[in-house]
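>>> next one to model:
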Amino acid sequence: MTSTIPVIWHAQEDSRGYYGCTAMMNNLFDHYGCAPHYPGRGRMPKLDGAVVVVHGGRELGGLDKLNLDLQKFPKWVLIIALGDEECSFPIEKVEHPNKIVWIQEPMPGRHDFADRYIVDGYGHDHWKHVIQCEKDLDWFFGGQITHGRRLACVDALRTVDWGGIVIETRGYFQGISLSEYYRTLCRAKIVPCPSGPFSPDAARPWDALECGAIPILDDHSPTRPEPGFWTYVLGSHPFPVIRDWSLLPTYLKEIKANYDHLQPMCMQWWARYKSNFKVWFAEDLIKLQERANNV
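Numbering: from 1, shown residues only. Predicted coordinates:
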């Protein structure tokens, strides 16, 4: 294995990606001083092995090319599937004799083969906007109302006449400024986190945690009605999970009453997860090299 870890962004021309789904991964690569590459039109470097990022629908129709390109790395590959909320790319059909696969926003049942499941992660450059301030809001939700799960959440919040605010936006980043959004997250103790349109995961839970708030996770999404997503992805965790958003007012009261106990538990879990995230990367690269050496 080379001293500088090569990262191949298979479909990302800036060799990085400035999206919510890529921010946490880029921080990981920066931590290890990885060398990012975008191979473009067949300019795949010849290496013993590499980390290969497969980025969602940008890869749609590109399975055969990806499998051919992976042959340039004969000894090992760590494949990281990001940003495919719709699960449109057949990552299960990627071929390599010595691979480890990480999947963001996995689909239970279909992606049981993966070695690790990872969260969507916090927003890009969020740290520029996170501030220390008084938590004078019991709860806060700000975002687009684009599907039934979010509508049900906001309808429930509008029956709560204490402690918080709702800010509806017409589109992604089309409401209040990013700084104001994070400032309000930092003021909040609790942040309801209705699902994305396809996956229960999105940036909001992790942004909330970065701002010191307790997220309420959505147990399913409009296209995934089966419960249990968060246990599948996270294992044991301390976060409140809701299936029926009409019960949200009761959840808010119970979480507020237990806030002093639950909030530190959530912060400790999140700090441990981020630390483990770095450890997993090193562990899996070592495991891949050991396999390659034993062939």
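
>>> CA only for contacts and neighbour counts going forward, please
OK.

>>> show me where this structure dips below the pLDDT cut-off.
Residues of the chain that meet the criterion pLDDT under 70 lie in 1-2, 41-42, 170-175.

>>> domains of this protein?
Following automatic domain parsing, the chain resolves into domains at 6-118+273-294, 126-257.

>>> over to Val233. Which of the three states is it?
helix (DSSP: H, G, I helix; E, B strand; the rest coil).

>>> what sits against the closest residue to it other than its chain neighbours?
Distances taken as Cα to Cα, 6 or more residues apart in numbering place Tyr117 nearest to Val233, at 5.5 Å, with adjacent residues excluded. Neighbour list for Tyr117: Trp102, Ile103, Gln104, Glu105, Pro106, Val233, Leu234 [criterion: Cα atoms under 8 Å, 6 or more residues apart in numbering].

>>> for Pro264, which of the domains of the chain is the nearest?
Closest approach to Pro264 among those is made by domain 126-257 (9.0 Å; Cα to Cα).

>>> can you get me the start-to-end distance on the closest one?
From its first residue to its last, domain 126-257 covers 29 Å (Cα to Cα, to the nearest Å).

>>> same check, this time on stretch 168-187
OK, stretch 168-187 end separation, Cα to Cα: 18 Å.

>>> please enumerate the helices of the stretch 51-200 of the chain.
With DSSP state H, counting those that start in this stretch, the ranges of helices along the stretch 51-200 of the chain come out as 63-70, 148-157, 178-187.

>>> would a markdown table of those with mean neighbour count and distance to Ala292 be doable?
Formatted as a markdown table, the helices of the stretch 51-200 of the chain follow (neighbours: other Cα atoms under 10 Å; distance: least, Cα to Cα, whole Å):
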| stretch | mean neighbour count | distance to Ala292 |
| --- | --- | --- |
| helix 63-70 | 16 | 15 |
| helix 148-157 | 19 | 46 |
| helix 178-187 | 20 | 45 |
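
>>> now distance to Ile91 too, for these, in TSV please.
TSV is the format used below for the helices of the stretch 51-200 of the chain (distance: least, Cα to Cα, whole Å):
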stretch	distance to Ile91
helix 63-70	8
helix 148-157	27
helix 178-187	33
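
>>> do you know which of those lies nearest Phe113?
Here helix 63-70 is closest among these (Cα to Cα), at 17.6 Å.

>>> sorry, back to before: for the helices of the stretch 51-200 of the chain, which one sits closest to Phe29?
Taking Cα to Cα, helix 63-70 is the member of the helices of the stretch 51-200 of the chain nearest to Phe29, at 19.8 Å.

>>> all set now, cheers.
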